[in-house]
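Asker: Provided below for reference: sequence and predicted model.
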Amino acid sequence: MDHDSSTLGHAARVRSHQRRTAAVQWIRRMHGWIGLWGAVLGLLFGFSGIWLNHRNVLKLPQAQERTRAQLALPEPVPETPEAMSRWLQEALRMSGPPNSTRIEPAKPVAWADKNDRGAPALTQPAHWVFNFGGPNEMVQAEYWQGNRSVGVATTHNGFVATLTNMHKGGGMPLPWILLVDTLAGSLIFLSVSGVALWMLTHRRRRVGLAVFGASLVAVLALALSAL
């Protein structure tokens, strides 16, 4: 009976060891593939992140050129933001629709004299803002309803400024934002899988837990001190 129990115990340990080995191999394989997927974006975000974090010290030239102009509106004037968006895309010769649109409806002005009840109410006209372009060139069209023209501000970015916009998502299309989301998800998986690999392959788990705990405390302390 004792021999049978010993045999069953040994078999259970072997199965447990096999499952553990299979789990480690799978995590290592996925860790490597996902790390390879995010390697290029990681280099891009690492370089631009260092510059953004130390931009006041490094003083790297952004080489931005800004120009402003007034674009006359057609007759009749587009009456809706959708119609204005389509007209601007054609007039500015943009390859696609605006990356973002901000619509502010008409509203009473904040500086109106509330004591002068006999005066007519002052209203700020509707304000439409359309953003076109990408990280290297950004075009912003600004229209106040009732005007006969649209203000157009164009920004041409150099290499560093282009990387900065890519890092922040400025002027980037939806596919780029979704691609960056995959990088964020990859970083989460790499962090979790890295901790799992340490726990499964190192016997000095207390040391690993101590390092992880110290890192967590440091991050929380810095985050709370900034509040």
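Answerer: Received it, and whenever you're ready, just let me know what you need.

Asker: By residue count, tell me the biggest helix in this protein.
Answerer: helix 2-37 (DSSP state H).

Asker: Tell me which helix or strand comes right after it.
Answerer: Next helix or strand after helix 2-37 toward the C-terminus (DSSP states H and E): helix 39-53.

Asker: Quick one: mean pLDDT for that following helix?
Answerer: Helix 39-53 shows a mean pLDDT of 77.

Asker: buried stuff in the longest helix of the chain?
Answerer: 27, 31, 34-35 (16 or more other CB atoms under 10 Å). For every residue, glycine as well, the C-beta is placed using N, CA and C.

Asker: Outline the domain layout of this structure.
Answerer: In terms of domains, the chain is parsed into 2-37+174-225, 65-156 (source: automatic domain parsing).

Asker: distance between the shortest one and the chain's centre?
Answerer: What it means is domain 2-37+174-225. Centroid displacement of domain 2-37+174-225 relative to its chain, using CA atoms, centre = their mean, to the nearest Å, is 26 Å.

Asker: same check, this time on stretch 86-97
Answerer: Its chain's C-alpha centre and that of stretch 86-97 lie 25 Å apart, by CA atoms, centre = their mean.

Asker: Just the CA atoms from it would do, formatted as PDB, please.
Answerer: Provided in PDB are the C-alpha atoms of stretch 86-97 (Å, rounded to 0.1, in the frame of the first residue of the first chain):
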ATOM      1  CA  ARG A  86     -16.300  68.000 -47.500                       C
ATOM      2  CA  TRP A  87     -15.700  71.400 -49.100                       C
ATOM      3  CA  LEU A  88     -12.500  71.900 -47.000                       C
ATOM      4  CA  GLN A  89     -11.200  68.500 -48.000                       C
ATOM      5  CA  GLU A  90     -11.600  69.400 -51.700                       C
ATOM      6  CA  ALA A  91     -10.400  73.100 -51.300                       C
ATOM      7  CA  LEU A  92      -7.300  72.200 -49.300                       C
ATOM      8  CA  ARG A  93      -6.600  69.100 -51.500                       C
ATOM      9  CA  MET A  94      -6.500  66.800 -48.600                       C
ATOM     10  CA  SER A  95      -6.300  63.000 -49.200                       C
ATOM     11  CA  GLY A  96      -8.900  62.200 -46.500                       C
ATOM     12  CA  PRO A  97     -11.500  63.700 -44.200                       C
END
